[in-house]
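Q: take this sequence and fold it.
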Amino acid sequence: MTDTASLSQLKSRLHALADGETGQPPNAGALMKANPNARLLMGDDPRLPAMPAKPTLIDFFRHRFGPSMHLLQSARHAMTAGLSEKMVLASLLHDIAAVGFIRGDHGYWGAQLIEPYVDEEVTWAIRAHQVLRFYPDESVGYEYPQSYVAMFGADYRPDPYIEEDYRRMRNHRWYMSGRMITVHDIYSFDPNLHVELDEFTDIIGRHFRQPPEGLGFDNSPVAHMWRAMIRPAKYL
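A: The predicted structure follows:
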């Protein structure tokens, strides 16, 4: 079978799966062996480092979150300011959805991604930071970021759902936890400041409930999201 024919056969199988068929293609192994493009469709992307069989949060930082200096600098900033370990963790994780796989509504996605593994306050704060960053708070010295003026324009207004969430979040008991992420977010991070992930491994160990099966394989409601980051090219 030619490479073109094998790839065509695999694509036909993808359409069949979309129509409701289940089960492994009987010749999946042969298709992958015969055609490197088929291997990409099955999710084996040689451009990405291999992940361990039971990946940890630290493995994702090292192999999937790319250059994460923004997160590391934000966590260092929060730690230096004397925030609690939970809020240092929230600062470390606040943008993982954006660096991992999605940008739109990254605070909401990020909160959902870690919800089974962290304290509820951490989840709330990460969700809230996406909203609160658009609104200044003089009581803690938080001003609207000038980088946002440069990116969006001086007359930019957030979407209505953001404004509605802001009104709800402003009176929430954990408002200040979400606000602290915006205070210690690094909106224009220092290219000369290098921070190592090792500074936060103890905090991760104390406040992130790592599943023994590995992230993506613990049958949690968000396991599929972690698997999507492990094999982002996977079609089947």
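Q: for the chain, give me the ranges with low pLDDT.
A: Low-confidence segments of the chain (pLDDT under 70): 1-46, 236.
Q: centre-most residue in it?
A: residue 97 (2.1 Å; Cα atoms, centre = their mean).
Q: residue 95 - how many residues pack around it?
A: 23 (other Cβ atoms under 10 Å). For the C-beta atoms, the positions are set from N, CA and C on the backbone; glycine is no exception.
Q: contact partners for it?
A: 70-71, 106, 110 (Cβ atoms under 8 Å, 6 or more residues apart in numbering).
Q: helix or strand for the residue nearest to the centre of the chain, which one?
A: helix 96-100 (DSSP states H and E).
Q: could the C-alpha coordinates of that helix be exported in CSV?
A: Provided in CSV are the C-alpha atoms of helix 96-100 (Å, rounded to 0.1, in the frame of the first residue of the first chain):
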residue,chain,number,x,y,z
ILE,A,96,-1.0,27.6,32.5
ALA,A,97,-4.0,27.3,30.1
ALA,A,98,-2.5,30.1,27.9
VAL,A,99,1.0,28.6,27.9
GLY,A,100,-0.4,25.1,27.6
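Q: what's the next helix or strand along the chain from it packed up against?
A: The first helix or strand that comes after helix 96-100 along the chain, using DSSP H and E, is helix 106-114. Here helix 106-114 touches helix 96-100, helix 120-132, helix 223-230, going by 3 or more Cβ pairs under 8 Å, 6 or more residues apart in numbering; DSSP states H and E.
Q: how about a cut-off of 6 Å?
A: helix 96-100, helix 120-132 (3 or more Cβ pairs under 6 Å, 6 or more residues apart in numbering; DSSP states H and E).
Q: which residues does it contact?
A: Applying Cβ atoms under 6 Å, 6 or more residues apart in numbering, the contact partners of helix 106-114 are 93, 96-98, 102, 123, 126-127, 129-130, 222, 225.
Q: circling back to that earlier point, got the contacts of residue 95 as a markdown table, with distance to residue 136 and neighbour count columns?
A: Shown next, in a markdown table, are these (distance: Cβ to Cβ, whole Å; neighbours: other Cβ atoms under 10 Å):
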| residue | distance to residue 136 | neighbour count |
| --- | --- | --- |
| 70 | 21 | 18 |
| 71 | 23 | 25 |
| 106 | 21 | 21 |
| 110 | 23 | 25 |
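Q: identify, from those residues, the entry nearest to residue 63.
A: residue 71 (14.7 Å; Cβ to Cβ).
Q: assumed the closest one was part of a strand.
A: No: counting by DSSP: H, G, I helix; E, B strand; the rest coil, residue 71 is not part of a strand but helix.
Q: what domains does the record give for the chain?
A: Split into domains by automatic domain parsing, the chain comes to 1-42, 57-207.
Q: now the helices for the chain?
A: All helices of the chain, identified by DSSP state H, fall at 3-18, 28-34, 36-41, 57-63, 69-80, 85-93, 96-100, 106-114, 120-132, 146-152, 160-170, 175-184, 201-207, 223-230.
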